[in-house]
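A.B. asks: Take a look and give me a structure for this.
(chains A and B)
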Amino acid sequence: MKIRALAFQTLEGFLHNRLVVLVLILASCIVLLMLLPLWGMKAASAKGMPSMEAAVLEMVSGVMSFVSGLGSILAAWGAADALYGELKAGTVLAVMARPVKRWEFLTGKYLGVMMFMAAYIVLMMAMSYTVVAVAGMRIHASPWELFFYPLVRYSIYAAIGMLFTTLVHPVVTMGMMLALTILTELASPRSFAWKPGVAWLKTGLFYILPSTELLTEDRFLSLRQAALKQSSWVEHAVSLTYGLDCALILLLLAMWSFHYRTLRRD
Amino acid sequence: MTPAIEFREVTKVYRRALRGVEVPALTNASFSVMPGEVCAFLGPNGAGKTTSISLLMGFFYADYGEIRVLGYEPGDVRGKKEIGFLPENFAFYKHLNAERLLKLHAKLAGLPSESVRQRCGELLAKVKLNGYESLKIGRYSRGMVQRLGMAQALLASPQLLVLDEPTSGLDPSGRKDVRELLVGLREQGKTVFLSSHLLSEVEQICDRVIIISRGRVVKTGRMQELLVAGDRVEIIANGISPEIEAMIRENSGTVTASETGVVINVGLAEKRAVAEALWAAGWDVIQILPQRNSLEELYMSTVGTEGGVA
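C.D. replies: Got it, this is the predicted structure:
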């Protein structure tokens, strides 16, 4: 009951946050601009279907990468803002004076962020399906794959954002997020090889850092049934469990850190 | 009887790690507030009042010492169920209106939903915000926000009210309303822990005073006992002869005229001699009272003009 009330309050806070609304409007405008060449291409119907399909796939992939990347930033920033906003305004004092435990407060905030991100993914999916429909094609990937994979990925980013914000200012949090993302990319097996002396460090970092490589929805994106990458339920379960496990550990760390944090108006 | 609030040798030090500075905010602070008391918590800015309130609400952790609130550790949800809290410069979710904010707090307090609507209406009427239920809090004046803060503090009918500057931002009429509200709470047997700089108001409504300065409790006790200056009395007589007046002045006493006669201020040791001299000279002694200071005088004599730590 308390966690649900806090989650809905957080979601409502996002919907009344002018900066969030502005970012979403700007993102929509950018996506529409990206669609212009597609409409132009469709109008010039002299083009053959295969080249059209490749262009659409490239377009959809581009749009989704942009929207998906923005979602990661939005999840981290949203989580940081949800927590820091309470501390900055001092509203946390009135809430925490109620019989609410600190972990309940943080869980409520986190779930509010995830509800917002779920709505964002639905919009993202609607946008992707619309782009493809404009080109007269359809996406063959299962909708749940396009929903749950980014959701789990965002849950990791939101948990990292929340963890860092229990310790530092949100601006520093975003800087740390950037550094962490770059480090994760560098530690990824597909990145360049590190010097032999520090190869162990790369392996170690790869296992420790929260990699979201497994959780990208791009790998399911296909406009042809034949080209669709088939994944077993076990593969899905392993990937999603890894992501949820990672998010849970980070959230527990955030709760632990928040438990010992001084609550005051920052 | 278990005290509603108990601080035992509590110390809190703020550490600024990057600068390597340690600022003691509270040093071996000990005091207690009994159930049903209205207690004023006074001190200059930076004396440690808000730190103490934050410690008892469980927002900060003490470095040393023990704190009990309604018999529980600070921050324990069993204790918090019985606490109503109004922070200094109260802040709310600006996109909500008063009714929705109270409903949110009612959910967080675990109040049964069927009684919430009626309770919200009663409270908004009590703090004179009825008619503004649907106005967003972002459009409220400072005084209205403070009134709403009082309403949310009273929402769960708490046994203990912790109020940090409850009259801040209120006009004289609003301050009077809060004063009446606090008197009403005292009559209901609620415990109120009140931090304020408005000493005249505090004097009217509080039973107990705790004065803190530079992080240390410098005076604590019942209001009536503290305001009595133990070594002096006031004798009110219907007149005085010049000889007696000279004798009083020789003994560091004062004589002032009043509507009812004269007010003679003498030391406790001279009380009997002066009264007998007046009677012997044919004057009537109307009243003999222990001299009573105002809270402001007590406060100034205790902390003077000094400030506390930052």
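
A.B. asks: Quote the end-to-end distance of stretch B:233-243.
C.D. replies: 20 Å (C-alpha to C-alpha, to the nearest Å).

A.B. asks: show me where the chain has helices.
C.D. replies: Answering for chain A, as no chain was given. A:2-15, A:18-43, A:49-89, A:91-96, A:102-134, A:143-165, A:170-187, A:199-208, A:233-259 (DSSP state H).

A.B. asks: right idea, wrong chain: chain B
C.D. replies: Counting by DSSP H, the helices of chain B are B:49-57, B:77-80, B:98-108, B:113-126, B:142-154, B:172-187, B:199-205, B:223-227, B:242-250, B:271-280, B:295-303.

A.B. asks: Quick one, which of the ones you listed gets closest to residue B:211.
C.D. replies: helix B:295-303 (5.1 Å; C-beta to C-beta). The way it works is simple: take the backbone N, C-alpha and C, and place the C-beta from them, glycine included.

A.B. asks: Make CSV from the helices of chain A and add mean neighbour count to it.
C.D. replies: Listed next are those as CSV, based on neighbours: other C-beta atoms under 10 Å in any protein chain shown:
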stretch, mean neighbour count
helix A:2-15, 20
helix A:18-43, 13
helix A:49-89, 20
helix A:91-96, 22
helix A:102-134, 20
helix A:143-165, 24
helix A:170-187, 16
helix A:199-208, 13
helix A:233-259, 16
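
A.B. asks: Might you report the residue contacts of the spatially closest residue to residue A:72 that is not a sequence neighbour?
C.D. replies: Distances taken as C-beta to C-beta, 6 or more residues apart in numbering or on different chains place residue A:157 nearest to residue A:72, at 4.9 Å, with adjacent residues excluded. Each residue near residue A:157 by C-beta atoms under 8 Å, 6 or more residues apart in numbering or on different chains is listed here: A:72, A:73, A:75, A:76, A:79, A:177, A:212.

A.B. asks: Quick one: the helices of chain B as CSV, columns for mean pLDDT and mean neighbour count too.
C.D. replies: Putting the helices of chain B into CSV (pLDDT from 0 to 100; neighbours: other C-beta atoms under 10 Å in any protein chain shown) gives the following:
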stretch, mean pLDDT, mean neighbour count
helix B:49-57, 93, 24
helix B:77-80, 92, 19
helix B:98-108, 91, 22
helix B:113-126, 85, 15
helix B:142-154, 89, 22
helix B:172-187, 86, 16
helix B:199-205, 84, 18
helix B:223-227, 81, 15
helix B:242-250, 87, 14
helix B:271-280, 88, 15
helix B:295-303, 82, 17
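
A.B. asks: Switch the ones you listed over to a markdown table; also include distance to residue A:94.
C.D. replies: A markdown table is the format used below for those (distance: least, C-beta to C-beta, whole Å):
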| stretch | distance to residue A:94 |
| --- | --- |
| helix B:49-57 | 10 |
| helix B:77-80 | 12 |
| helix B:98-108 | 7 |
| helix B:113-126 | 15 |
| helix B:142-154 | 7 |
| helix B:172-187 | 17 |
| helix B:199-205 | 23 |
| helix B:223-227 | 29 |
| helix B:242-250 | 57 |
| helix B:271-280 | 53 |
| helix B:295-303 | 29 |
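
A.B. asks: Could I get the contacts of residue A:157 in JSON lines, plus columns for distance to residue B:124 and pLDDT?
C.D. replies: Formatted as JSON lines, the contacts of residue A:157 follow (distance: C-beta to C-beta, whole Å; pLDDT from 0 to 100):
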{"residue": "A:72", "distance to residue B:124": "43", "pLDDT": "86"}
{"residue": "A:73", "distance to residue B:124": "41", "pLDDT": "87"}
{"residue": "A:75", "distance to residue B:124": "38", "pLDDT": "91"}
{"residue": "A:76", "distance to residue B:124": "39", "pLDDT": "90"}
{"residue": "A:79", "distance to residue B:124": "34", "pLDDT": "93"}
{"residue": "A:177", "distance to residue B:124": "43", "pLDDT": "83"}
{"residue": "A:212", "distance to residue B:124": "48", "pLDDT": "67"}
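
A.B. asks: Okay, now the unreliable bits of the stretch 101-250 of chain A?
C.D. replies: A:211-230 (pLDDT under 70).

A.B. asks: ok and the residue in it nearest chain B?
C.D. replies: When distances are taken as C-beta to the nearest C-beta, the stretch 101-250 of chain A reaches nearest to chain B at residue A:101, 6.1 Å away.

A.B. asks: Pretty sure that residue sits against residue B:77.
C.D. replies: Yes - with contacts counted by C-beta atoms under 8 Å, residue A:101 reaches residue B:77, the gap being 6.1 Å.

A.B. asks: For the nearest residue to residue A:129 once chain neighbours are set aside, the count of nearby residues, please.
C.D. replies: Leaving out its chain neighbours, the residue that sits closest to residue A:129 by C-beta to C-beta, 6+ apart is residue A:139, at 6.3 Å. Residue A:139: 22 surrounding residues under other C-beta atoms under 10 Å in any protein chain shown.

A.B. asks: Residue A:139 and residue A:132 touch, don't they?
C.D. replies: Yes - using C-beta under 8 Å, residue A:139 makes contact with residue A:132 at a distance of 5.3 Å.

A.B. asks: For residue 59, list the residues it contacts.
C.D. replies: All of this refers to chain A. Contacts of residue A:59 by C-beta under 8 Å, 6+ apart are A:34, A:35, A:37, A:38, A:131, A:135.

A.B. asks: try chain B instead
C.D. replies: A:93, A:96, A:262, A:263, A:264, B:75.

A.B. asks: which residues does the third one contact?
C.D. replies: Neighbour list for residue A:262: B:54, B:59, B:60, B:61 [criterion: C-beta under 8 Å, 6+ apart].

A.B. asks: which stretch among the helices of chain B comes nearest residue B:28?
C.D. replies: Evaluated over the helices of chain B, closeness to residue B:28 peaks at helix B:49-57, with 12.5 Å, by C-beta to C-beta.

A.B. asks: other SSEs contacting that closest one?
C.D. replies: Judged by 3 or more C-beta pairs under 8 Å, 6 or more residues apart in numbering or on different chains; DSSP states H and E, helix B:49-57 is in contact with strand B:5-16, strand B:21-33, strand B:38-42, strand B:64-69, strand B:160-164, strand B:191-195.

A.B. asks: which residues are contacting that helix?
C.D. replies: Under C-beta under 8 Å, 6+ apart, the answer for helix B:49-57 is A:93, A:96-97, A:262-264, B:5, B:7, B:10, B:12, B:25-26, B:29, B:41-43, B:60-62, B:67, B:69, B:74-75, B:83, B:85, B:88, B:162, B:164, B:193, B:195, B:212, B:215.
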